[in-house]
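> Give the three-dimensional model of this entry:
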Amino acid sequence: MDMFEAADLSRLAAFDDEIGVLSLYATVEPGSAVGQTRMRSTLSALRRDLAEHADRDWAARAEARLDELEQPIADLLDPTEAGLGRMMFAQLGGDALQTAWIQRPVGDVAVVESNAYLWPLLAAIEPAAPAGVARVGRDGVRLFDCRYGVAEELNSVSFNLPGATTSGEPRSDVPTLSRAGIHPDRYAQRVEEHLAKYLRHAAGTVGEHAQQRGWQTLVLVGDPRLTRILAEALPPDRDRTELDAVLDPDLTPTEVLDFVTPTLTEARTRREAAAVQRVADLARAGGNGVLGLADTVSMLQDGRVERLLLDAAGGWSPEDAVDAGAPPTAVLLAGEGTASELAEGMVELALSRGGAVTLLEGAAAAELADRDGIAALLRW
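Sure, this is the predicted structure:
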């Protein structure tokens, strides 16, 4: 079982089966059997739903597949394995099976739908999207990749400057500044000039990591005089936050993530508010933005949605969309199964056609309250 990656989302959106797909989400605390107990109860509830399903042949096939998956489910719930949040997607008619984990709670869910059920996954990963942290000091730049509740330290850029205190193992050195040929009165100034040069040099490495790893936010931590130099040398294509703080060099990657989590939450709030404002402005100007349930559903069905914005609280029904003026075919988005929801249908349709989905909370969701909690940025 591998850790979930952002690239997996589009693949899961295409995971389907002519009979149905079983989707399981379990929150498993390390060394505890509580998660196993909760999932057994959740699976029992699913079996009761299947027993009452009108299509007895379909329900019988689903129940038989659950029996076949007894061992894979037990493996998924093993409390000695990695991952607080575990997920499994299994075809009922075929043999395809996919599992993954993230270090965030995903609730306890067991449903059968025509496609992989993705709403719990989106709700779990949205607050912990990929982000980077750069600890900026006179000794260099230490980089951390943070995503879905897990943090790891990356190769850093270390500076060989007089008086710099080493933090961590040097991994990518730049030349040492030598006193040779420099007047003593000018030496301190040259040190600062070289530090600025090294920071601008490090911006290339930081920018490459940000691009390759899909960081939505980059947090620069350290002396503002240093973070400003690095920030100005970085490409202006990514959300950045400069944090005036001393980051203890002995902190583990997990402790670094804990330290910057409030900053990442603030960045997410700003990013969501900006996205809602942009779509609203475009919609009011007659551009490539729409607001409200009916228009968004129509654009989804036409394949025009580049990014779908949804209130994380969900709660829409197909009847709501039709009553609001969406085409009658909107009812098909909810599909059939044990957890039919219009929200899930919209998510699957957006992702399956190459779009992205953002679940909104707080102020950003409130901004769309009078527009059914839904908006979309369009491709054209």
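> ok, residue 55 to residue 313 distance?
To residue 313, residue 55 is 31 Å away according to CB to CB, to the nearest Å. Bear in mind the C-beta positions are built from the backbone N, C-alpha and C, glycine included.
> phi, psi of residue 376?
With angles defined as degrees, to the nearest 10, residue 376 sits at phi -150, psi 140.
> same question, residue 91
Main-chain torsions, residue 91, degrees, to the nearest 10: phi -70, psi 140.
> What number of neighbouring residues does the closest residue to residue 266 other than its chain neighbours come out with?
Excluding the flanking residues, the one nearest residue 266 by CB to CB, 6 or more residues apart in numbering is residue 241, at 7.5 Å. Per other CB atoms under 10 Å, the neighbour tally for residue 241 reads 19.
> what's downstream of the helix or strand hosting residue 241, the next helix or strand?
Using DSSP states H and E, residue 241 maps to strand 239-243. Using DSSP H and E, the helix or strand that follows strand 239-243 in sequence is helix 253-284.
> For that following helix, give the mean pLDDT please.
Here helix 253-284 scores 96 as its mean pLDDT.
> Next, the buried residues of that helix.
Judged by neighbour count using 16 or more other CB atoms under 10 Å, the buried positions of helix 253-284 are 253, 256-257, 259-260, 263-264, 267-268, 271-273, 275-276, 278-280, 282-283.
> Extract the residue ranges of the stretch 201-350 of the chain that are flagged as low pLDDT.
The stretch 201-350 of the chain contains residues with pLDDT under 70 at 331, 334-340.
> what's the neighbour count on the spatially closest residue to residue 33 that is not a sequence neighbour?
With CB to CB, 6+ apart as the criterion, residue 33 has its nearest non-adjacent residue at 6.5 Å, and that residue is residue 79. Using other CB under 10 Å, residue 79 has 13 other residues around it.
> Could you look up the SS state of residue 79?
Following DSSP: H, G, I helix; E, B strand; the rest coil, residue 79 is assigned to coil.
> That one: what's it in contact with?
Counting by CB atoms under 8 Å, 6 or more residues apart in numbering, residue 79 touches 28, 29, 30, 31, 32, 33, 35, 36.
> Tell me, how many residues neighbour the first one?
Which is residue 28. Neighbour count of residue 28, defined by other CB under 10 Å: 27.
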